[in-house]
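> After the sequence you'll find the predicted model.
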Amino acid sequence: MDLVPHPMDLQQGKEKFIDTWGRLAGSWGVTRTMAQIHALLLIATRPLCAEEIMEDLDISRGSAHMNLKELMDWGLVTRASQEGERREFFIAEKDVWEVFRLIAVQRKKRELEPVIHALDDLADVSAGCPDSEAFQKMIRDLKFFSCKADAMIDKLISRDAAWVINGLTRLSR
C-alpha cells in the first residue's frame, strides 16, 4: 500500500486550477464558464484562439464568445493579434495585482455602488414613529459602513501592490 502522495503532472495541475477557479466563480459574482476561461488564459503560455478555448473547456462557440466579451469588458482579457492569422487570439492580464485590482473595480461598480445609491433613496423615508426612526437609523448605519468600505476599496485599488502587501503584512503581525 503506497501512502506517499504522488505529485500531479502539469496537465492534472492545470485541470485542477481551472476547475477550482471555476467553482469559486459563484462567490465572485461571475459564471463558472467565465472563470474557467479566465483561468485557462491565466495559465496559458501563449495567446489562445476561441477554438482552442472551446476545445480545452468543452464549451460552445456562443458561450466562449459571450464570456470572452465579458472578460474583455472587465479588462481581464485582451485580444492579441498573431501574424498571418485571421482568427482572433486572447490573452489574460498576468500581473496578479492588476487582476485583483480589475476585479475589485468591477465588484465595487456592480455591487457596492448600487447599494449606496439604494441607501440614498431610502434615506428619504418619512419619520414620525419609533419604527421609522429605527429604520432610518439602520439605513444611516448601513450607509456609513458602505461609504467607508467604498473609500477603503478606492484607496486599495489606487495603490500599488507593494503598499498593499506591506499593509497586509503589518495587519497579520
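Ah, there it is.
> Please tell me how far D73 sits from T33.
15 Å (Cβ to Cβ, to the nearest Å). The C-beta positions use only the backbone N, C-alpha and C, and glycine is treated the same way.
> What are the boundaries of the strands in the protein?
Along the chain, counting by DSSP state E, strands occupy 48-49, 77-80, 89-92.
> Domain boundaries for the protein, per the record?
Here the domain assignment for the chain is 10-92, 96-167, based on automatic domain parsing.
> and these as CSV, adding mean pLDDT?
Shown next, in CSV, are the domains of the chain (pLDDT from 0 to 100):
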stretch, mean pLDDT
domain 10-92, 93
domain 96-167, 88
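> out of those domains, which comes closest to R173?
domain 96-167 (11.3 Å; Cβ to Cβ).
> mind listing the helices for the protein?
For the chain, helices defined by DSSP state H occupy the ranges 10-28, 32-43, 50-57, 61-74, 96-107, 113-122, 130-158, 161-172.
> Report all helices and strands that the second one contacts.
What that stands for is helix 32-43. Using 3 or more Cβ pairs under 8 Å, 6 or more residues apart in numbering; DSSP states H and E, the elements in contact with helix 32-43 are helix 10-28, helix 50-57, helix 61-74, strand 77-80, strand 89-92.
> Name the stretch among these that sits most buried.
strand 89-92 (a mean of 18; mean count of other Cβ atoms under 10 Å).
> which other residues reach it?
38, 41-42, 44, 47-50, 53, 68, 71, 76-82, 99 (Cβ atoms under 8 Å, 6 or more residues apart in numbering).
> re earlier: so which of the helices of the chain gets nearest E88?
helix 50-57 (6.6 Å).
> For the closest one, C-alpha coordinates in CSV please.
The C-alpha trace of helix 50-57 is given here as CSV (Å, rounded to 0.1, in the frame of the first residue of the first chain):
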residue,chain,number,x,y,z
ALA,A,50,-11.7,30.8,-29.4
GLU,A,51,-11.5,27.3,-30.9
GLU,A,52,-8.7,26.2,-28.5
ILE,A,53,-10.7,27.6,-25.6
MET,A,54,-13.8,25.8,-26.7
GLU,A,55,-11.9,22.5,-27.1
ASP,A,56,-10.0,22.7,-23.9
LEU,A,57,-13.1,23.5,-21.8
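> Which elements pack onto that helix?
helix 32-43, helix 61-74.
> which stretch among those comes nearest A118?
Among the helices and strands packed on helix 50-57, helix 61-74 comes nearest to A118, with 23.1 Å by Cβ to Cβ.
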